[in-house]
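>>> Quick one, structure for this:
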Amino acid sequence: MAQVFPAERELRRVIGAGHSVPDRALEGVGERELLELYRSLVLLRTYDERSVVYHRQGRIGTYAIFWNHEAMQAGAVHALEEQDWIFPSYRESAIGLLRGMPASTVLSWWRGHPAGWWNPADYNVASICVPIGTHVPHAAGLAWGKRLAGEDAVAIAFFGDGATSEGSFHEGANFAAVMRAPLILFCNNNQWAISTPLDAQTRAETLADKAVGYGMPGVRVDGLDVLAVYEATREAVARARAGDGPTFIEAVHYRAAPHATADDPRVYIDLERVEEERQRECVGRYERYLRRLGVLSDEQAEQIRGEAAETMRRGIAQAEAEPAADVALLFEHAYADGRVAFASELAELRRLTGGTEAVEPDEGPEVQV
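Just a heads-up that it's a prediction; the model follows:
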């Protein structure tokens, strides 16, 4: 018989907020794990801040900012095992760094260089998904396939609140629930789908309520509390690994930075709310928590920030040292049939980009468009 799981309405929190909300302990997480979480938060924050500068210098194109989203990314990834798969959206573009991916690889992706593509099996990190929600069925399919193969692996798909309005989200969620696929659906609810507010997207009281329709648990967490995210994801992973199917996690916060470098949110966003959120941003909030515990010293914090800065300096140098890509790559996989040629177009492109002069091709089939 199908089960109906009521969604959790209250936001889970571990890190306190003054006298009204005290800190609480998180079972099974020691000093080493707490510091590793901090290291991941600082690395992601450094990557994001440096990438915005990189864009302003004209060294990369439009960039999707994830400032203050780091707690969701680090908290969720640290709850996974090495064999588990991550399906990121563009907002999680740097999440592969937490799996050992070089910073130069992600930077090259934003530079539009082929060095920015990786073999997903090397890190169990799928390609960055730019279309909204289309990777949810992919994650559901991989998770189901792992279950059919008897492999002890879980998949997690990251997406924004806007993706829950897409048909592909419904298809992936419904399929995962019916097949009991070991999948975590992680919704970054920052209240905005670019400039569309949440109340213009859904009549549901919470996005976690949507999980009820699929017969899976819906959990709500404070998206700026890295330990609450870790706890909720850890429980979802255990449930999935036990064969009990998917879980929907709604991480709630308010977007405190532009949607991307091409966006000017001042025309639509609540600027007072943004300032409030910036005052309680997730990295500083967690750092203060660690200091209350006596886990993090000034020397440790400085060392970790220095390591992250060096990672970015090295990554930028490596990315910019890549030789220019052959423009023929634009045509090479346009058709499955390798005999199809774009000889005249390629010759013209080479001429425009400073390569050989355009010449009329003397062989190769004509392409009908």
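
>>> longest helix of this protein?
helix 31-56 (DSSP state H).

>>> now the helix or strand that comes right after that helix, how far from the chain's geometric center?
Using DSSP states H and E, the helix or strand that directly follows helix 31-56 along the chain is helix 70-78. When distances are taken as CA atoms, centre = their mean, to the nearest Å, helix 70-78 is centred 9 Å away from the chain's centroid.

>>> Check which element follows helix 70-78 along the chain.
strand 85-87.

>>> circling back: which strands and helices sit next to the longest helix of the chain?
helix 70-78, helix 103-110, helix 226-241, helix 282-293, helix 298-320 (3 or more CB pairs under 8 Å, 6 or more residues apart in numbering; DSSP states H and E). To be clear about C-beta, it is placed using only N, CA and C from the backbone, and glycine gets the same treatment.

>>> try 7 Å this time
helix 70-78, helix 282-293, helix 298-320 (3 or more CB pairs under 7 Å, 6 or more residues apart in numbering; DSSP states H and E).

>>> Worst mean pLDDT across the helices and strands of this protein, which element?
helix 329-332 (a mean of 83; mean pLDDT, DSSP states H and E).

>>> shaky segments in the chain?
For the chain, the stretches flagged by pLDDT under 70 are 1-8, 18-19, 338-341, 355-369.

>>> the domain parsing of it - what is it?
Structural domains annotated on the chain: 31-320, 326-369, as defined by automatic domain parsing.

>>> ranking these by burial, who's on top?
Mean neighbour count (mean count of other CB atoms under 10 Å) peaks for domain 31-320 among these, with a mean of 19.

>>> Now do it: distance to the chain's middle.
For domain 31-320, the distance to the chain centre is 3 Å (CA atoms, centre = their mean).

>>> what distance separates the start and the end of it?
With CA to CA, to the nearest Å as the measure, the ends of domain 31-320 fall 37 Å from one another.

>>> repeat for stretch 47-63
12 Å.

>>> Grab the most central residue of this structure for me.
By CA atoms, centre = their mean, the chain has its centre lying nearest to Glu92, at 2.1 Å.

>>> Out of the helices and strands packed on helix 31-56, flag the one nearest Gly61.
For the helices and strands packed on helix 31-56, the distance to Gly61 is smallest for helix 298-320, at 13.5 Å, taking CB to CB.

>>> and the closest one, what does it pack onto?
helix 31-56, helix 103-110.

>>> Would you confirm that Arg209 belongs to a helix?
No, residue 209 isn't Arg; it's Asp. Yes: assessed with DSSP: H, G, I helix; E, B strand; the rest coil, Asp209 lies in a helix.

>>> Run a quick check on it versus Gly218, I expect a contact.
Yes: Asp209 is within contact range of Gly218, at 6.4 Å (criterion: CB atoms under 7 Å).

>>> Quick check: which of the domains of the chain is nearest to Glu10?
domain 31-320 (6.9 Å).

>>> re earlier: ok, which of the helices and strands packed on helix 298-320 comes nearest Ala181?
Here helix 31-56 is closest among the helices and strands packed on helix 298-320 (CB to CB), at 26.7 Å.

>>> What's the separation between Glu299 and Pro246?
43 Å (CB to CB, to the nearest Å).

>>> for Trp144, same thing?
10 Å.

>>> Return every residue with contacts to both of these two.
When contacts are counted by CB atoms under 7 Å, 6 or more residues apart in numbering, Trp144 and Pro246 have Ala181 as shared neighbours.

>>> dump the residue contacts of the closest residue to Gly172 other than its chain neighbours.
Nearest in space to Gly172, with sequence neighbours left out and distances taken as CB to CB, 6 or more residues apart in numbering, is Val136 at 3.3 Å. With contacts defined as CB under 7 Å, 6+ apart, Val136 is in contact with 157, 159, 168-169, 172-173.

>>> Over to Val221. Which of the three states is it?
Strictly by three-state DSSP, Val221 counts as strand.

>>> That one and Val229 touch, don't they?
Yes: counting by CB under 7 Å, Val221 touches Val229, with 5.5 Å between them.

>>> okay, and the common contacts of the two?
Ala251.

>>> Excluding chain neighbours, what is closest to Ala74?
Nearest to Ala74 is Ser40, by CB to CB, 6+ apart, at 4.0 Å.

>>> how far away is the one you found from Ile316?
Distance from Ser40 to Ile316, by CB to CB: 20 Å.

>>> re earlier: could I get the domains of the chain in JSON lines, plus columns for distance to Arg9?
Listed next are the domains of the chain as JSON lines, based on distance: least, CB to CB, whole Å:
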{"stretch": "domain 31-320", "distance to Arg9": "6"}
{"stretch": "domain 326-369", "distance to Arg9": "48"}
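
>>> picking that back up, quick one: closest of the helices and strands packed on helix 31-56 to Val237.
Of the helices and strands packed on helix 31-56, nearest to Val237 by CB to CB is helix 70-78, at 9.3 Å.

>>> got the angle between the closest one and helix 282-293?
Computed by axes from the mean of the first three to the mean of the last three CA atoms, to 10 degrees, the angle separating helix 70-78 from helix 282-293 equals 70 degrees.

>>> Cool, thanks, talk later.
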